[in-house]
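Enquirer: Structure here, sequence nowhere to be found:
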């Protein structure tokens, strides 16, 4: 019986598994370099966990089920509420600041399309228990370091940064009464036409000109000039300090002030940022910001946090686009085979096992003792860049030895076991 | 709002995450040493996948849900049917033998108890496309090598091996008409009393004496003697060869013939084996065998396979019992902190970021610039075996330098940035 896999999921054959592991390894090595510890939560949690603070879209996209005790559960669509629950649970005994990362597999019922699947992995990086802007700088630096580790350069990507507190004050002083609606409109800006945007904006405020001018700003200097000219009373020192800290990381060339970045309205309280490919061909590669109330929402004490998420699907497409995804390669050091005799090969196989087991002290060994033709084995090794083919015939066995063929150097030597 | 996690799941705080990663790393390093490639399938699959060949227990324990397209899906309770589906799907293009491993997270609705959880991880190791007994030996050798890698010795564990084809023939020739029932009874042997076993056995056959004698056998030699004495016509050469191959691996002392091993009746066709702690305190640590029809059952061509599964829950308990689980340790090379001034510390923090970023070229750096007292930082570093504490005060900053305190040697040195 043939059974079709579920739409929007992936079968990770070794080729695809290697790709995803390349991403996972870069994620985890960079997080560890910054002293972040790996954690994870359960895959199934009570649905309420995401009904509380994840907005309206995420709860609608959840895969839910009722278990045998009639509890309503969901497969996690994101990790953050689990993380908040876990911090709330052990808040007293956890040493602050808490620096954690995780690579959860998540599920969302979305329409599968390029860069969007129903099953995906998402790196989560979070620092909790520290109000200072240098923590915001640290998580942004991690996101940049990951991009560099994967081989991207400042020609390929940048991080667009804003501050929702600042944005709020400026928009209010420009006469916007309810900033919620205008945030939503700004968030849509890239997806709609300029004309649509203008029409919507006019509905929300009469002062469209300075707001449009504000949204065009692309550096702190022009922001300060704009604030002065429009007689807005706002303190932009935290944002300035964030840029200074990132300059100390050596990452000035990867960052840009961008007032059109607003992100997850229900969630973030101050710094917000998104990692983008410079051509804007893809959706955001990563996004995050500061959330100062989440743990409290899950029954804990107030503790501030800052973090981001980075999915594997868009990132992988972007890597392939820039030819940064390493080619699939079988990871063997030795391919061990025998020259079969016409009669019973049992003794030869027993000896080959001994040889293979000895070679495993030195490296990775693939043992293949089926009566495959030797030239086929060599062609396979060559095609898969396997450095050494070990050949064992009757003569070798009788001499307690084996032949190692170094594929690159095209050299052969006989070694005693 | 406080939300309780789901029963039988685990919150992987960094301490528990390190434990599970210790297990995962041993699993994957040994599999790679044998040339097995990592793969994975989706977490959600159509329910039919497990209704086909997984027996009666597993389909009852599944977490199922109906998605928005009204398809009935299940969270995987085991990987093997997914693997068979994937092999069937690309059977022509996959180079044989297929040697794969995977570490899926699985879900089963069981009563949580010691060694049994609803959410668990299970290593799967499979070799497909090879009928030869040396493949059976290879996967058994992998299971042994994993136990050794984790620190167990032959005092702690052994692998109990049997052959279901052989068992079948012997039991039939001893006059058992339906071997299915007797297999089920043998499978229960350890869980029931001798008296209960005897009563049940009497219901199934009149020849209880030779059967009980047979089930007491514990080596190949006595098996051959028994077969001869009871005039049974059976060829035990494959099983003998399996033991010989494992001897060639150097693993004779870890294996034992045991006719009471029967395992998953619907599934395995020949070799069956289980890894057990010698005190028999726990359930089987791993179990597997040869399955020669599974891919065919999922719409593929006939291809034989042999493999095993090893869960994390019992293994972890057994490791702790034998004091083999490494203690939790924060994995930092440097802990960087500042001596705060009374006034603004921004310049000090900016400099500390530069120092930390420089040190990241050499190792893992935890940056903590909150105005924590220095002796607290040192106590934390000492408690967590962090080798170096980097201290930056105003003087150091002015000299473009920093102090490195080597915690073990209790030595301090000042280094220029």
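Expert: It's in. Keep in mind it's a predicted model, so treat the numbers as computed, not measured.
Enquirer: Parallel or antiparallel, which strands does the helix or strand containing residue A:389 pair with?
Expert: Assigned by DSSP states H and E, residue A:389 belongs to strand A:388-392. Strand pairing for strand A:388-392, determined by DSSP bridges: strand A:334-338 (parallel), strand A:401-406 (antiparallel).
Enquirer: Using JSON lines, lay out those together with mean neighbour count and distance to residue A:356.
Expert: (Each C-beta comes from the backbone N, C-alpha and C, glycine too.) Below are the strands paired with strand A:388-392 laid out as JSON lines (neighbours: other C-beta atoms under 10 Å in any protein chain shown; distance: least, C-beta to C-beta, whole Å):
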{"stretch": "strand A:334-338", "mean neighbour count": "25", "distance to residue A:356": "5"}
{"stretch": "strand A:401-406", "mean neighbour count": "18", "distance to residue A:356": "10"}
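Enquirer: Dump the ones you listed to TSV, plus mean pLDDT and distance to residue B:353.
Expert: Formatted as TSV, the strands paired with strand A:388-392 follow (pLDDT from 0 to 100; distance: least, C-beta to C-beta, whole Å):
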stretch	mean pLDDT	distance to residue B:353
strand A:334-338	95	46
strand A:401-406	96	47
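Enquirer: Could you export these to a markdown table, including columns for distance to residue A:119?
Expert: Output for the strands paired with strand A:388-392, formatted as a markdown table (distance: least, C-beta to C-beta, whole Å):
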| stretch | distance to residue A:119 |
| --- | --- |
| strand A:334-338 | 34 |
| strand A:401-406 | 42 |
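Enquirer: sorry, back to before: could you check how far the following helix or strand past the strand holding residue A:389 is from the centre of its chain?
Expert: Downstream of strand A:388-392, the first helix or strand assigned by DSSP H and E is helix A:394-398. Mean-position distance between helix A:394-398 and its chain equals 52 Å (C-alpha atoms, centre = their mean, to the nearest Å).
Enquirer: Report all helices and strands that helix A:394-398 contacts.
Expert: helix A:346-359 (3 or more C-beta pairs under 8 Å, 6 or more residues apart in numbering or on different chains; DSSP states H and E).
Enquirer: Check whether the helix it packs on comes near chain B.
Expert: Yes - Helix A:346-359 is in contact with chain B by C-beta under 8 Å from any C-beta of the partner chain, via A:346, A:349-351, A:353-354, A:357.
Enquirer: what bits of the stretch 251-400 of chain A have low per-residue confidence?
Expert: Within the stretch 251-400 of chain A, the stretches with pLDDT under 70 are A:264-266, A:371-372.
Enquirer: all helices for it, in order.
Expert: A:294-297, A:312-321, A:346-359, A:374-383, A:394-398 (DSSP state H, counting those that start in this stretch).
Enquirer: Contacts for stretch A:232-251, please.
Expert: A:133-134, A:136-137, A:140-141, A:144, A:161-163, A:166, A:169-170, A:173-174, A:220, A:223-224, A:226-227, A:252, A:254-255, A:257, A:270-271, B:346, B:349-351, B:353-354, B:357 (C-beta atoms under 8 Å, 6 or more residues apart in numbering or on different chains).
Enquirer: and stretch A:228-245, how far apart are its ends?
Expert: With C-alpha to C-alpha, to the nearest Å as the measure, stretch A:228-245 spans 24 Å from end to end.
Enquirer: Flag every buried residue along that stretch.
Expert: Neighbour-count burial for stretch A:228-245 flags A:232, A:234, A:236, A:238-245 (criterion: 16 or more other C-beta atoms under 10 Å in any protein chain shown).
Enquirer: Stretch A:209-220 too?
Expert: Within stretch A:209-220, the residues that qualify as buried are A:210-211, A:214-215, A:217, A:220, counting by 16+ other C-beta under 10 Å.
Enquirer: Return the members of the residues of helix A:346-359 next to chain B classed as buried.
Expert: Buried members of these, counted by 16+ other C-beta under 10 Å: A:349-351, A:353-354, A:357.
Enquirer: Quick check: closest non-adjacent residue to residue A:382.
Expert: Nearest non-adjacent residue to residue A:382, counting by C-beta to C-beta, 6 or more residues apart in numbering or on different chains: residue A:407, 5.9 Å away.
Enquirer: residues near the one you found, how many?
Expert: Using other C-beta atoms under 10 Å in any protein chain shown, the number of residues around residue A:407 comes to 16.
Enquirer: Make sure it is actually in contact with residue A:381.
Expert: Yes - with contact defined as C-beta atoms under 8 Å, residue A:407 reaches residue A:381; the gap is 5.8 Å.
Enquirer: Lovely, talk soon.
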